[in-house]
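Enquirer: my questions concern the predicted model and sequence given below.
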Protein chains: 4
Amino acid sequence: MSLNTFGHLFRFTTWGESHGPALGATVDGCPPGVPLDEAALQHWLDKRRPGQNKHTTQRQEPDAVRILSGVFEGQSTGTPIQLMIENTDQRSRDYGDIAQTFRPGHADITYHQKYGLRDYRGGGRSSARETAARVAAGGVARAALEALVPGVKVKGYMTRMGDVTIDRDRFDWAAIDGNDFWIPDAGAVPEWESYLQQIRKAQNSVGAEIEVVARGVPAGLGAPVYGKLDTDLAAAMMSINAVKGVEIGEGMAAAHLKGTDNADEIFMGKDGPEYSSNHAGGVLGGISTGQDVVVRFAVKPTSSILTPRQSIRMDGTPTEVVTKGRHDPCVGIRAVPVAEAMMACVILDHLLLHRGQVGGLGPRGQIG
Amino acid sequence: MSLNTFGHLFRFTTWGESHGPALGATVDGCPPGVPLDEAALQHWLDKRRPGQNKHTTQRQEPDAVRILSGVFEGQSTGTPIQLMIENTDQRSRDYGDIAQTFRPGHADITYHQKYGLRDYRGGGRSSARETAARVAAGGVARAALEALVPGVKVKGYMTRMGDVTIDRDRFDWAAIDGNDFWIPDAGAVPEWESYLQQIRKAQNSVGAEIEVVARGVPAGLGAPVYGKLDTDLAAAMMSINAVKGVEIGEGMAAAHLKGTDNADEIFMGKDGPEYSSNHAGGVLGGISTGQDVVVRFAVKPTSSILTPRQSIRMDGTPTEVVTKGRHDPCVGIRAVPVAEAMMACVILDHLLLHRGQVGGLGPRGQIG
Amino acid sequence: MSLNTFGHLFRFTTWGESHGPALGATVDGCPPGVPLDEAALQHWLDKRRPGQNKHTTQRQEPDAVRILSGVFEGQSTGTPIQLMIENTDQRSRDYGDIAQTFRPGHADITYHQKYGLRDYRGGGRSSARETAARVAAGGVARAALEALVPGVKVKGYMTRMGDVTIDRDRFDWAAIDGNDFWIPDAGAVPEWESYLQQIRKAQNSVGAEIEVVARGVPAGLGAPVYGKLDTDLAAAMMSINAVKGVEIGEGMAAAHLKGTDNADEIFMGKDGPEYSSNHAGGVLGGISTGQDVVVRFAVKPTSSILTPRQSIRMDGTPTEVVTKGRHDPCVGIRAVPVAEAMMACVILDHLLLHRGQVGGLGPRGQIG
Amino acid sequence: MSLNTFGHLFRFTTWGESHGPALGATVDGCPPGVPLDEAALQHWLDKRRPGQNKHTTQRQEPDAVRILSGVFEGQSTGTPIQLMIENTDQRSRDYGDIAQTFRPGHADITYHQKYGLRDYRGGGRSSARETAARVAAGGVARAALEALVPGVKVKGYMTRMGDVTIDRDRFDWAAIDGNDFWIPDAGAVPEWESYLQQIRKAQNSVGAEIEVVARGVPAGLGAPVYGKLDTDLAAAMMSINAVKGVEIGEGMAAAHLKGTDNADEIFMGKDGPEYSSNHAGGVLGGISTGQDVVVRFAVKPTSSILTPRQSIRMDGTPTEVVTKGRHDPCVGIRAVPVAEAMMACVILDHLLLHRGQVGGLGPRGQIG
């Protein structure tokens, strides 16, 4: 895995800065014969697109994705797929100030320290715009999954935003796509809206927790040690901007549990093994069980806020930073489609790895 | 990163099963000229060794590591270092029963499903014995760190075990190495002992939370997107047996925070930038800030317990599993030296990556 | 090294088909602070550009390269550099026939067999147009080499074209850039021209041998076994379209030699070790000696010829193939700038690898 | 591909020096369920073993391979296979002289320059003993090939040794295993023997050319650009000690040919496409055609000769080197089993890669 590349057999390299001419993803290793067009990818990009959702940045970017290679007559050819998104709303302005100042909580200072120079316009590579390229790559992964294992579904939703959380007793899959927070409870939307409104008025921002589920994943994907399915999922989610924690199944709460509570007991169902519960989050010893694969992660509050914060300039002099401009008070909202994309890429990659080493897309060992 | 290999420039591949003749690590990419001998590695292995600690399994393994290659006249040569640990206490016994049964919470069932066969003696590759090889590799990484950046220190400790937690107000670095739980508070040891005793008597097990800190890491290590320092740390920790969650800095708690609370404000100190706090855990935009790098993770309770649990056999018939034998009631204890090893490997790897791309072992861009 | 990616620390992924909207290279791992602009890259692209040279295809492609990312205010930022070349002269035509027929000597049949479908317009990924992307990536590598080790020079030239060869006694570096064959002997140009004219008139094509030299490469680059400098050079050259053999130093002729003839004896010069000869081609045990690194390779004759050849269609029926259109009678001519680009990329990659593992850009061990 | 690792999905890392306690290969990615035992691997090791063949070094090494992991009850488990060969005949002696002197044609000087230190006993990693580990890994690959595609056969033989060459008109597959030169012509053995005897008497050594053929390889293996089957074969062969050139099919001779001569015309046979000839060496556009895959390479004459050669010591003073000891006058002989091993590994790796991306072990696209 190189430094701007994610994945083993199905892998993508993202490129581009938020204020350059374009950004995109170079996708390699897609199986041939997968039906693919720009409209299918655009569907997913529209989910994360700025300006679509009243709670996210009002930067107006069409985020129109173009397929420049690797697709012929509506199908993937098995060669690299170049996905390009042109930047159109770059608002030319004076960067004189921001160019010399390190915004707290941003990568400005560490980029400067590492490279000795940085593209200071909008955060360069550390901008959340980089995630548009992942969503495009994830669209390719979804299309390939659909072709190879039609039953697989990947779905993300918010479970917490600061002080508000979902009520798992009211969990409603059907509600997720019907609201701007991607929460599984239509009735809770007004509360979430008013909470976020209050954060915004206070010139503040707030963190969030997102959960992503992959349903219909065959048992047997993953590997015992460093190629664990959950190792790659942890890397996938932690690589998203602003993510500070990743959990599989019980997650950090496992530290509180006793062995008797945590056991997922096994029974024989009519189509194979079934489990009494899913504390494991669908992964045992790094390999999928066939249950839902469940990943959860936390996103820190947006560092760009209107409340002044102390910082320094490149010359070491002190300054106060107030970030004006088009920023989401909760970046967790837009992290939902990004995390879905990463989950789709990881599952597809492990399907191909499993098929390569073991043959076939599902279990090799039979039970019963 | 291949499936049994960890790292980019400094990388190791572990091999071996818990009941085969030996296990070990093939370490590649170590800088030349690093002082290295078996005694230095053995020091770290003794920390995780079974039978050393009254709270861990009483399996008696000397875990004596041999260096078979890559070291000449007391120094690394820059070529692969083979570290081998022979298995000596394998207790020959009848595996007839365990061979046909899937233990709940173990990888037995998923290995069988993936590969169609498995080494059923003691868990094969999914045994915690695999982590001995990591500790040996981590010993090489520590020696190289010491040679390249003498100030770097890596330290792990437990922060929670089921219902007991550390009191951060009583945090004492000096206490960590003086107790069997690696906790930073000598006064709390009796409470932890009596809690674990009670778990054991109840034929149960318990989860744990571990924190690892790397101090003295230069600013500038890491990369913006998929090569983030925290991405590799998340993968490193999640790859350890039984880990279900990984946090950097604030971790999952970031979802609860507001932007004003989470900001690490920046000031100019006499040796460079300083921060008002370390919510970020020493990593901004995937690149180290020069503050402590702080990682936390949760380990699930040992699945091998004396309390019976429902399961099935390979033929699908139901059975009840009671795991007798030499098992730790809290595997989190032995995870401490393992996590330290992984941290050391990640930091060294990123030092070499940074030196390769940028030159030098520290920041390229000056401030002030 | 993934399937469309070349390199370890400095690596590039090429993408695009000859008749799609664009092609390019995603370059990752370039050191930061390297002066870089489109004009510098265009210089090298113009060398291989069709229509420039009277002996190569008259397809008119400006091959204008655009830098879409990774360069800011005239310097590389250390993040991925996207190089895009739009296809402009695609001549819309009826592909009905070629779509169903496998051209002998081309990848049509193997692509169809592998993937089950192919972009039949102009060869897709197997088109020599892919090499434009390499030349662009090589331009980045040259700029980085110039910044890191100013003395390094990379130069390629033809040494044979069918029956005509260069006379090493008349070798003239200065002549290479002054003729359309890149041969080191201005006086031989008329003979080469008339030979190629005759091949063209005979509706035939011809193979070629190219040599590439890297001068000023520091001693110490490479690694002992699979990371040998010559292993990567062999892979680099063999990956170029139509290449069938690669040699380092004496190359295949080494099979004819005796040990006494082949020995490069060592003497102490005023700036370090010197050698009586360079049978080794500048590489001993996979590591550079500081002498010229010398690679030679053979390119097969263009398979697209006007003389009819027997083949089959997708349905298995026989057919006769005559390839009309804009094809070079000797593709070896355009392979010269491509091979230079690959050499530059390999040398840079090994400089970065060496710096990462060992520190510094040159020898660690002193002599004398 | 890391620096001591070869392969993508099926990959191995070799480790160990010629005079350390042991050497070996860590093999990762082997499919599960492959029948495997030490005797099967030993069969191939015995072919290259010193002391077996009257024309090779008389060093007495049993080269007994032990499987330390990854095999259970006679089958591969899908986890890493550790293959260890202990060094037994290390002849303790005084290395004082050789430790300070650089032998011409050896890696002594470049290792010293790169790493600043080296294991001077017998060449360390650059010793031909490293190839024993490859042969062991190749034995695993052969077993896996036999399990997956029973028809595949890999065979190597010498085609030239200095002034003597094989006569292709007398090519006899059955003869290859019956003589110490692995030549396909029993009648030529006396001439080869007397030639080598004469070289040895003259205190000299000689180069060699070896050809390796893989028969029964399905069409469709490989990839268009950097993942070409022939790119990996070139890297595989060039990574063997002393190799200076690699050819596929026509090889360097392609530079002499015309397009009309080089065309492999295509016809429809009863089981699929057939070709009039195999100038391509079984690979078109980087992908196998289903014909014999043919690779040829040249090995330089052994640099260790009894005839004195000029060199220098570490302190820069001049010296004369005469290499006494147990050295092969033609290392090409022992390169034959090594090259077979590398071929087997490359073919297996590409079978798994193809199965991963495309599904199945053979062509996806049908003809006729």
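Expert: Noted; the coordinates are in hand.
Enquirer: can you classify whatever residue of the stretch 201-350 of chain A ends up closest to chain C as helix, strand or coil?
Expert: Closest residue of the stretch 201-350 of chain A to chain C, Cβ to the nearest Cβ: residue A:349 (11.7 Å). For the C-beta atoms, the positions are set from N, CA and C on the backbone; glycine is no exception. Three-state assignment for residue A:349 (DSSP: H, G, I helix; E, B strand; the rest coil): helix.
Enquirer: that one against residue A:235, yeah?
Expert: No - applying Cβ atoms under 8 Å, one finds residue A:349 not in contact with residue A:235, separated by 11.4 Å.
Enquirer: ok, which stretches of chain A are helices?
Expert: A:38-48, A:96-100, A:108-115, A:130-148, A:189-201, A:229-238, A:259-262, A:332-358 (DSSP state H).
Enquirer: angle of the fifth one against helix A:332-358?
Expert: With axes from the mean of the first three to the mean of the last three Cα atoms, to 10 degrees applied, the angle from helix A:189-201 to helix A:332-358 works out at 110 degrees.
Enquirer: ok, and what's touching helix A:189-201?
Expert: Residues outside helix A:189-201 that contact it (Cβ atoms under 8 Å, 6 or more residues apart in numbering or on different chains) are A:55, A:161-164, A:179-181, A:183, A:205-206, A:329-330, B:258.
Enquirer: from these, pick out the ones that also neighbour chain D.
Expert: Checked against chain D using Cβ under 8 Å from any Cβ of the partner chain, these give no members in range.
Enquirer: buried ones among those residues?
Expert: Those of the contacts of helix A:189-201 that meet the buried threshold are A:55, A:161, A:162, A:164, A:179, A:181, A:183, A:205, A:206, A:329, A:330, B:258, by 16 or more other Cβ atoms under 10 Å in any protein chain shown.
Enquirer: and the last one, how far from chain D?
Expert: The reference is to residue B:258. Distance, residue B:258 to chain D, by Cβ to the nearest Cβ, to the nearest Å: 44 Å.
Enquirer: what is the neighbour count of the residue of the stretch 1-150 of chain A found nearest chain D?
Expert: Relative to chain D, the nearest point of the stretch 1-150 of chain A is residue A:9 (5.0 Å; Cβ to the nearest Cβ). The tally of other residues near residue A:9 (other Cβ atoms under 10 Å in any protein chain shown) stands at 25.
Enquirer: got a pLDDT number for it?
Expert: Note for residue A:9: predicted pLDDT of 96.
Enquirer: residues in contact with it?
Expert: Per Cβ under 8 Å, 6+ apart, neighbours of residue A:9: A:29, A:349, A:352, A:353, A:356, D:9, D:353, D:356, D:357.
Enquirer: okay, now the fifth one: neighbour count?
Expert: Other residues near residue A:356 come to 25 when the count uses other Cβ under 10 Å.
Enquirer: and chain A, which residues reach chain D?
Expert: Selection of chain A residues close to chain D by Cβ under 8 Å from any Cβ yields A:9, A:29-33, A:78-79, A:224, A:352-353, A:355-359, A:364.
Enquirer: for the stretch 51-200 of chain A, give the residue positioned nearest to chain B.
Expert: Closest point on the stretch 51-200 of chain A to chain B, by Cβ to the nearest Cβ, is residue A:107, at 2.3 Å.
Enquirer: residues contacting the residue nearest to that residue when sequence neighbours are not counted?
Expert: Distances taken as Cβ to Cβ, 6 or more residues apart in numbering or on different chains put residue B:285 closest to residue A:107, at 2.3 Å, once the chain neighbours are dropped. Shown in contact with residue B:285 (Cβ under 8 Å, 6+ apart): A:106, A:107, A:110, A:111, A:126, A:241, B:224, B:228.
Enquirer: ok, back up a step: from what I see, the residue of the stretch 51-200 of chain A closest to chain B and residue B:287 are in contact.
Expert: Yes - under the criterion of Cβ under 8 Å, residue A:107 makes contact with residue B:287 at 6.4 Å.
Enquirer: now for chain A, the helix or strand with the poorest mean pLDDT.
Expert: The least trusted helix or strand in chain A, going by mean pLDDT, DSSP states H and E, turns out to be helix A:96-100, with a mean of 79.
Enquirer: and the gap between residue A:350 and residue A:151?
Expert: 16 Å (Cβ to Cβ, to the nearest Å).
Enquirer: any idea how far residue A:314 lies from residue D:190?
Expert: Applying Cβ to Cβ to residue A:314 and residue D:190 gives a distance of 80 Å.
Enquirer: higher neighbour count, these two?
Expert: When residue A:314 and residue D:190 are compared for neighbours, residue A:314 comes out ahead with 17 against 9, by other Cβ under 10 Å.
Enquirer: next, that one: phi, psi?
Expert: Here is the backbone geometry of residue A:314 (degrees, to the nearest 10): phi -60, psi -30.
Enquirer: thank you, goodbye.
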